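Trainee: Provided below are the primary sequence and the corresponding predicted coordinates.
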Amino acid sequence: MTTPRHSFLPPLHDSPGSDRPTAGPDRRDGAVYVADDDLRLAVDVALATGRPLLLRGDPGSGKSSLAGYLARNLGRRYYEHVVTARTTARDLLWTFDPVRKLADASVRDAGGADALRDLDYVEPGVLWWAFDRASARRRGTGPEPRRPAREPDDDLNAHRGEQGAVVLIDEIDKADPDLPNGLLVPLGSGEFVVTETGDLISATVPEADGPASNHLIVVTTNEERELPPAFLRRCVVVTLPPPGLDRLVAIAHAHVALDGVTGDGVTDTDDLLFRDLATRVLTAREEARTRGRRPPSTAEYLDAVHACRRLGLAEDVPDRARLLALVLDKSP
């Protein structure tokens with residue numbers, strides 16, 4: 001596949017940059033990612049249409065890491081919400097704390113205190129921050145709150161653009177189907193109403209010659225539960241296949257190049273290590289599938305790579321094999 005003639009993505013690069021780097025295979029700092037042309041095209045389509053990008057794939061295949069990488073390369077703010085079985089669609093838009101309001105009401109000076117206002121107990125969710133950063137800080141469109149809302153990852157997002165954001169909604173399949181169904185209207189229209197205050201929150205309008213939306217929504221699923229057909233129709237859907245030998249090695253090269261632990265860079269010995277571990281992981285993957293168990297992930301492969309380098313086992317083949325056996329998850 002060739003690169004699209006017009007792309008909203010700048011040339012993607014792996015670099016620690018000025019943002020704080022983190023170590024490990026599941027990097028949320030966006031410093032490194034190996035993206036192929038098909039995935040880049042899918043991202044461009046999501047940007048061109050304003051539709052969410054839904055990533056399918058095995059756990060540890062790099063679904064969650066992509067959002068931070070895109071935010072970094074696009075210069076956009078980054079927000080994430082990890083979904084649980086208790087998450088509702090409204091949690092991604094806003095939450096309201098009636099318990100704290102009741103507690104404040106019970107202790108305030110009835111004779112002299114200002115009346116309690118609902119807006120002071122509204123907490124903006126990640127989609128609100130993405131749609132309209134200014135009103136999220138103010139907890140609405142009305143009067144100034146007693147205290148501004150604190151932006152998620154404010155130290156990171158302080159250096160990012162005002163008008164654009166990437167939002168990661170991670171593991172959406174863990175929630176009840178009401179969650180994706182409840183997001184259809186806010187994601188489709190780019191607006192919602194805060195029930196307690198009546199504020200209409202609308203997404204900022206993009207520039208005419210830019211992407212269709214100032215926010216890119218990246219949704220991941222491990223396929224633990226089927227998603228509603230209506231939600232799937234609204235998304236650009238991509239399945240991330242398990243990487244083969246060459247891709248695993250390329251991923252290891254990209255991560256180790258930014259690791260900086262040994263100070264020696266990536267050597268020929270490292271390359272042999274990457275290939276040997278990748279071959280062993282692929283063999284373990286096939287054995288796991290034959291036995292009906294979960295296959296090892298890219299994240300476990302990278303753990304083995306980093307552990308071998310940190311422990312000086314790059315040239316010790318027997319110990320390397322024993323280390324890999326400890327790192328790989330053997331659970332069913």
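Mentor: Cool, the structure landed. Every value quoted in this text rests on a predicted model; they were computed, and no experiment measured them.
Trainee: gap between the helix ranked longest in the chain and the chain center?
Mentor: What stands out as the longest helix in the chain, according to DSSP state H, is helix 268-290. Distance of helix 268-290 from the chain centroid (Cα atoms, centre = their mean, to the nearest Å) equals 27 Å.
Trainee: Going along the chain, name the strands of the stretch 201-332 of the chain.
Mentor: Taking DSSP state E, counting those that start in this stretch to define them, one finds strands in the stretch 201-332 of the chain at 215-221, 236-239.
Trainee: Give me whichever of those is most buried.
Mentor: Most buried of the strands of the stretch 201-332 of the chain by mean neighbour count (mean count of other Cβ atoms under 10 Å) is strand 215-221; its value is a mean of 25. Bear in mind the C-beta positions are built from the backbone N, C-alpha and C, glycine included.
Trainee: Walk me through which strands that one pairs with, and which way each runs.
Mentor: strand 53-56 (parallel), strand 165-170 (parallel) (DSSP bridges).
Trainee: JSON lines for those strands, including distance to Asn157?
Mentor: Listed next are the strands paired with strand 215-221 as JSON lines, based on distance: least, Cβ to Cβ, whole Å:
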{"stretch": "strand 53-56", "distance to Asn157": "20"}
{"stretch": "strand 165-170", "distance to Asn157": "8"}
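Trainee: which of the ones you listed is buried the deepest?
Mentor: It is strand 165-170: most buried of the strands paired with strand 215-221 by mean count of other Cβ under 10 Å, with a mean of 25.
Trainee: so who does the residue lying closest to Thr87 once chain neighbours are set aside touch?
Mentor: Sequence neighbours aside, Ala175 is the residue nearest to Thr87 in space, at 4.9 Å (criterion: Cβ to Cβ, 6 or more residues apart in numbering). Taking Cβ atoms under 8 Å, 6 or more residues apart in numbering, we find Ala175 in contact with Val83, Thr84, Ala85, Thr87, Thr88.
Trainee: at 7 Å instead, please
Mentor: Val83, Ala85, Thr87 (Cβ atoms under 7 Å, 6 or more residues apart in numbering).
Trainee: What is the neighbour count of the first one?
Mentor: It stands for Val83. 21 (other Cβ atoms under 10 Å).
Trainee: The second one too?
Mentor: Using other Cβ under 10 Å as the criterion, Ala85 is surrounded by 7 other residues.
Trainee: Is it in contact with Asp173, as I believe?
Mentor: No. Using Cβ atoms under 7 Å, Ala85 is not in contact with Asp173; the gap is 10.4 Å.
Trainee: Where does the closest residue to Glu224 other than its chain neighbours sit: helix, strand or coil?
Mentor: Distances taken as Cβ to Cβ, 6+ apart place Asp173 nearest to Glu224, at 4.7 Å, with adjacent residues excluded. The three-state assignment at Asp173 reads helix, by DSSP: H, G, I helix; E, B strand; the rest coil.
Trainee: got any ranges where this protein has weak pLDDT?
Mentor: By pLDDT under 70, the low-scoring segments of the chain are 1-5, 14-30, 108-114, 259-265, 329-332.
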